[in-house]
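A.B. asks: Sequence and predicted structure below; questions after.
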Amino acid sequence: MNPYLRVLAYAKPYGRHLCAAMLCMVVFSLSTGATVWVALPFLQTLFAGETAPETVMTPAADPLEEKTGIAAWRETLKHRTNDLIGQDDRIETLKRLCGIILLLLVVKNAAGYLQGFFMAFAENGLIRDLRNDLYSHLHQLSLSYFHRERTGELISRLTYDVLKINGTISAAFGTLVKEPLLVLVHLGIILLLSWQLTLASLVLLPFSVLIITAAGKRLRRTSTESQESMADLTATIQETVAGMRVVKAFSMETFEIRKFRAQTQAFFRTLLRLTHMHNLAGPVTEILGGVVGLAILWYGGRQVLEGRLLAPEDFLTFFVALFSMLKPLKELGQVNNRIQEGVAAAQRVFSVIDTPPEVVDAPGATPLTEFRDAIRLRNVSFRYADGPMVLKNISLEVRKGEILAIVGPSGGGKSTLTDLIIRFYDPASGGIEVDGRDLRTITTASLRARMGIVTQDVVLFNDTVRNNIAYGLEDIPSPRIQAAAVAANADEFIRRLPQGYGTRIGERGVRLSGGQRQRIAIARAILKDPEILIFDEATSALDTESEMLVQEALDRLMSGRTTFVIAHRLSTVQHAHRVIVIDHGEMVESGTHASLVAAGGIYGKLYALQFK
C-alpha cells in the first residue's frame with residue numbers, strides 16, 4: 001500500500017474534526033472572496049465624486065458583448081451588491097460598507113482559527129497514534145531485530161521521522177483543501193469579470209506544474225538522505241553517552257568529537273539541499289504568476305483606457321482577485337515538497353511496522369496456567385540467521401524444583417540455551433516443551449510471566465528504588481517491596497540512600513555499585529515470585545563481599561523453584577542438583593558437581609584451573 005495512503009488511513013478516527021476543519025475552510029475561502037468583492041466598492045464610495053449612492057458598483061459599459069451568459073451573471077451580482085450596500089447618502093453607504101467588511105473579517109478569522117484548531121487536533125492525534133503503533137510494534141519484534149538495528153536509528157524513527165509525517169497531514173487536509181478553495185473563489189471572481197483575461201492568465205500554469213513535479217521527485221531522495229543522517233547523529237549520541245566511561249578511559253574524546261562533527265556536517269549539507277529544493281517551487285510559481293499579472297495589467301489596462309472589454313472598477317477588481325490567487329498558488333507549489341518529505345519519512349516508519357516478529361504464538365495458543373512437571377528439550381539445534389549452528393541436538397529434561405547449572409567455555413552456547421527456554425528465539429530444529437506442551441502452543445506472555453531472570457548486565461531504570469523493584473507490578477504495598485529487598489540483602493543499603501526507597505538511581509542504576517544493582521534485580525525477581533528462574537552470570541562481576549551477599553540472596557530465591565544457573569565461577573554451582581557442560585554447541589557432560597570433578601573431563605579441568 002502506498003505510504004501516503006497508509007498515513008491518511010490513520011486520519012479515519014478524526015473524520016469529524018477534519019470535516020469541521022474543511023467546513024471552516026469553505027467559510028474562510030468564501031469570506032475571503034467576498035472581502036475582495038466588496039473592497040473596491042468601499043474605495044469607490046470613499047473617493048468617487050458626487051456619485052449617486054445607488055451606483056456604488058457601476059454596471060460596466062461593454063459594447064462588445066451582449067448581456068448574456070457570464071456577463072449577465074456579473075451584472076446581476078453587481079446589482080445585488082448595490083442593493084445590499086447602497087443607502088440614501090454616501091455617509092450611510094460608507095457605514096454599511098464598513099459594517100459588512102468588519103463582519104466578513106470576523107467570520108474569516110474565526111473560521112481560520114477554528115480550522116487551525118480542528119486540524120491541529122487531527123494532526124497531533126494522528127501522529128500520536130502512529131507513534132504509539134510504532135512503539136507497540138517494537139515491543140512485538142523479536143530480540144534478534146534489536147541485535148541487528150542501532151538504538152539511535154530506532155529512536156530517530158520514533159521522533160524525527162514521525163514528526164516529519166506531520167507536514168504530510170497538514171498538506172493533505174489543510175493546504176490541498178484550503179488553498180484550492182481560495183484559488184477557486186478568486187478564479188470564479190475573475191471568470192465572472194472577464195473569461196478572456198482569465199484564459200490568458202492561465203497560459204503559464206503547465207510550466208509551473210512541470211517544475212513542481214520534477215523538484216518533488218528529487219526532494220524525496222534528499223529527504224530520505226536527511227532522515228538517515230539524523231539517524232546516524234542520534235545513534236552516535238546514544239552510543240557515546242552510554243559508553244562515556246569507555247570514551248574517557250581511552251581518551252577518545254577528540255576522536256568522538258571529530259566523528260560527530262563529520263556527521264553534523266553531512267546532515268548540514270543534506271539540509272541545505274533540502275531547503276534549496278523545498279523553497280524552489282514557491283518562488284518559481286510566484287514569479288510566473290507575477291509575469292502573468294504584469295502581462296494582464298499591461299493588456300487589460302490598455303483595453304480599459306480604450307474603453308473596451310471592462311469598466312475600470314471591474315478591471316481593478318479583476319486585478320486584485322488575480323493577485324490574491326498568487327499566495328494560495330505559491331502554497332500549492334510547495335505542498336508537493338512537503339508531501340514528498342512526509343512520504344520519505346513514512347517509508348522509514350512503515351518499514352519498521354511492516355517487519356514481522358520472528359517469534360509468534362501458534363494459532364490457537366493458550367496460556368500456561370500452571371507449571372507442574374518438567375521442561376524438556378528434544379534434539380534442539382539453533383543458529384543465528386544464516387550463521388553456523390550455535391547449539392546442536394541438545395536433549396535435556398529439568399524437573400520441577402530442580403536446580404540445573406550450565407557451565408562451559410565462553411561462546412559455547414550457554415546463554416543461547418536459556419534464551420530458547422525464555423523463547424527469545426525459536427529452535428532451528430527440535431522442540432522445547434513445558435509439561436508436554438510445545439512452547440509455540442503456549443502464549444509467550446503467560447510463559448514469561450512464570451519466569452524470573454537475573455543477568456550479569458542488570459537493566460535498571462532512571463526511577464526510584466521502589467519502582468525498580470516493583471517493575472511492571474501496580475499497587476504493590478510497601479511492606480511487600482521491603483520484604484523482597486530484605487530477602488535480597490538489599491534493604492540495609494537502600495535505607496542508607498538519601499531518600500531511601502524513594503531515591504532515584506539514575507539511568508541503568510549508575511548511582512549504585514554492581515553488587516547493589518544485582519541485589520535490586522534479585523529483589524525484583526523475588527517480588528515477582530516466579531516458578532522458573534534463570535541466572536546468567538549473576539555474580540561473575542562482583543567482588544568477594546558483594547558475591548557473598550548476592551549468592552546468599554540467590555540461595556533464598558532458588559529455594560523450591562526450577563532454576564537454570566549459568567556460571568563461570570564454579571563455586572556458585574556446587575550445590576546444584578545437576579551440572580551440564582556445553583562446549584561448541586553440544587552437551588558434552590552431565591552429572592553432579594562431585595561426579596564431574598571425579599571424571600576429570602572439561603568440568604574437572606575448569607574446576608582445577610579455578611581452585612589451583
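C.D. replies: It's in. Residues are numbered from 1 along each chain as shown.

A.B. asks: which residues in the stretch 451-600 of the chain form helices?
C.D. replies: According to DSSP state H, counting those that start in this stretch, the stretch 451-600 of the chain carries its helices in the segments 465-469, 478-487, 491-496, 514-528, 544-558, 593-599.

A.B. asks: what about the stretch 401-550 of the chain, any weak spots by pLDDT?
C.D. replies: 538-547, 550 (pLDDT under 70).

A.B. asks: Comparing the helices of the stretch 451-600 of the chain, which stretch has the densest surroundings?
C.D. replies: Highest mean neighbour count among these (mean count of other CB atoms under 10 Å): helix 514-528, with a mean of 25. (Glycine included, C-beta is placed from N, CA and C.)

A.B. asks: Next, the contact list for the residue nearest the centre of the chain, please.
C.D. replies: Centroid check for the chain by CA atoms, centre = their mean gives L158 as the closest residue, at 3.1 Å. Counting by CB atoms under 8 Å, 6 or more residues apart in numbering, L158 makes contact with R131, L134, Y135, L138.

A.B. asks: Quickly note the distance from it to I422.
C.D. replies: Note on L158: its distance to I422, by CB to CB, to the nearest Å, is 26 Å.

A.B. asks: Between the two ends of stretch 142-153, what distance do you get?
C.D. replies: 17 Å (CA to CA, to the nearest Å).

A.B. asks: An error on my part: the question was meant for stretch 565-581.
C.D. replies: 12 Å.

A.B. asks: Return the distance of the helix or strand hosting A20 from the chain's centre.
C.D. replies: For A20, the host element (DSSP states H and E) is helix 15-47. Relative to its parent chain, helix 15-47 has a centroid offset of 37 Å by CA atoms, centre = their mean, to the nearest Å.

A.B. asks: and this structure, what are its domains?
C.D. replies: Listed domain ranges for the chain are 3-353, 359-450+533-540+563-612, 456-529 (source: automatic domain parsing).

A.B. asks: could I get these as JSON lines with distance to E552?
C.D. replies: Below are these laid out as JSON lines (distance: least, CB to CB, whole Å):
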{"stretch": "domain 3-353", "distance to E552": "29"}
{"stretch": "domain 359-450+533-540+563-612", "distance to E552": "11"}
{"stretch": "domain 456-529", "distance to E552": "6"}
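
A.B. asks: Quick check: which of those domains is nearest to A553?
C.D. replies: domain 456-529 (4.4 Å; CB to CB).

A.B. asks: can you give me the strands for this structure?
C.D. replies: 374-383, 389-399, 403-407, 429-434, 437-438, 451-455, 532-536, 562-566, 578-583, 586-591 (DSSP state E).

A.B. asks: would you list those in a markdown table and tack on mean neighbour count?
C.D. replies: Below are the strands of the chain laid out as a markdown table (neighbours: other CB atoms under 10 Å):
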| stretch | mean neighbour count |
| --- | --- |
| strand 374-383 | 18 |
| strand 389-399 | 18 |
| strand 403-407 | 24 |
| strand 429-434 | 17 |
| strand 437-438 | 14 |
| strand 451-455 | 21 |
| strand 532-536 | 23 |
| strand 562-566 | 24 |
| strand 578-583 | 22 |
| strand 586-591 | 17 |
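
A.B. asks: Can you tell me which of those strands is nearest to I91?
C.D. replies: Closest of the strands of the chain to I91 is strand 451-455, at 86.8 Å (criterion: CB to CB).

A.B. asks: which strands and helices sit next to that closest one?
C.D. replies: Applying 3 or more CB pairs under 8 Å, 6 or more residues apart in numbering; DSSP states H and E, one finds that strand 451-455 contacts helix 514-528, strand 532-536.

A.B. asks: now for these, which one comes closest to G342?
C.D. replies: Of the helices and strands packed on strand 451-455, nearest to G342 by CB to CB is helix 514-528, at 41.9 Å.

A.B. asks: Which other helices and strands does that closest one contact?
C.D. replies: By 3+ CB pairs under 8 Å, 6+ apart, helix 514-528 packs against strand 451-455, helix 465-469, helix 478-487, helix 544-558.

A.B. asks: Measure how the longest helix anywhere in the chain sits relative to helix 15-47, angle-wise.
C.D. replies: As assigned by DSSP state H, the longest helix anywhere in the chain is helix 90-140. For helix 90-140 against helix 15-47, the angle by axes from the mean of the first three to the mean of the last three CA atoms, to 10 degrees is 160 degrees.

A.B. asks: distance between helix 90-140 and the chain's centre?
C.D. replies: 25 Å.

A.B. asks: what does stretch 484-500 give?
C.D. replies: On CA atoms, centre = their mean, the centre of stretch 484-500 falls 38 Å from that of its chain.

A.B. asks: Test my guess that T35 contacts K108.
C.D. replies: Yes. If you go by CB atoms under 8 Å, T35 and K108 touch, sitting 6.7 Å apart.

A.B. asks: Same list (the contacts of L158) but as a markdown table, adding distance to V459, neighbour count and pLDDT.
C.D. replies: Formatted as a markdown table, the contacts of L158 follow (distance: CB to CB, whole Å; neighbours: other CB atoms under 10 Å; pLDDT from 0 to 100):
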| residue | distance to V459 | neighbour count | pLDDT |
| --- | --- | --- | --- |
| R131 | 23 | 18 | 89 |
| L134 | 22 | 18 | 90 |
| Y135 | 18 | 13 | 88 |
| L138 | 16 | 17 | 87 |
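
A.B. asks: Could I get these in a markdown table, plus columns for distance to H577?
C.D. replies: Shown next, in a markdown table, are the contacts of L158 (distance: CB to CB, whole Å):
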| residue | distance to H577 |
| --- | --- |
| R131 | 48 |
| L134 | 45 |
| Y135 | 42 |
| L138 | 39 |
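
A.B. asks: Report the separation between the nearest residue to V26 once chain neighbours are set aside and A171.
C.D. replies: Spatial nearest neighbour of V26, excluding adjacent residues (CB to CB, 6 or more residues apart in numbering): L181 at 6.2 Å. From L181 across to A171, the span is 15 Å (CB to CB).

A.B. asks: So between those two, which is more surrounded?
C.D. replies: A171 (24 against 20; other CB atoms under 10 Å).

A.B. asks: That one and L105: what is the separation?
C.D. replies: Relative to L105, and taking CB to CB, A171 is found at 27 Å.

A.B. asks: what's the answer for L233, then?
C.D. replies: 46 Å.

A.B. asks: Who has more neighbours out of these two?
C.D. replies: L233 (18 against 13).

A.B. asks: Hmm, F268 and that one touching each other?
C.D. replies: No. Using CB under 8 Å, L233 makes no contact with F268, being 10.6 Å away.

A.B. asks: Can you work out which residues contact both of those two?
C.D. replies: Joint contacts of L233 and F268 (CB under 8 Å, 6+ apart) do not exist.

A.B. asks: quick one on the thing from earlier: now the helices and strands packed on strand 451-455 in TSV, with distance to I406?
C.D. replies: Formatted as TSV, the helices and strands packed on strand 451-455 follow (distance: least, CB to CB, whole Å):
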stretch	distance to I406
helix 514-528	18
strand 532-536	9
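
A.B. asks: Out of the ones you listed, which gets nearest to I453?
C.D. replies: Among these, strand 532-536 sits nearest to I453 (CB to CB), with 4.8 Å.

A.B. asks: ok, residues contacting the closest one?
C.D. replies: 371, 375, 415, 418, 421-422, 450-456, 525, 554, 557-558, 561-567.
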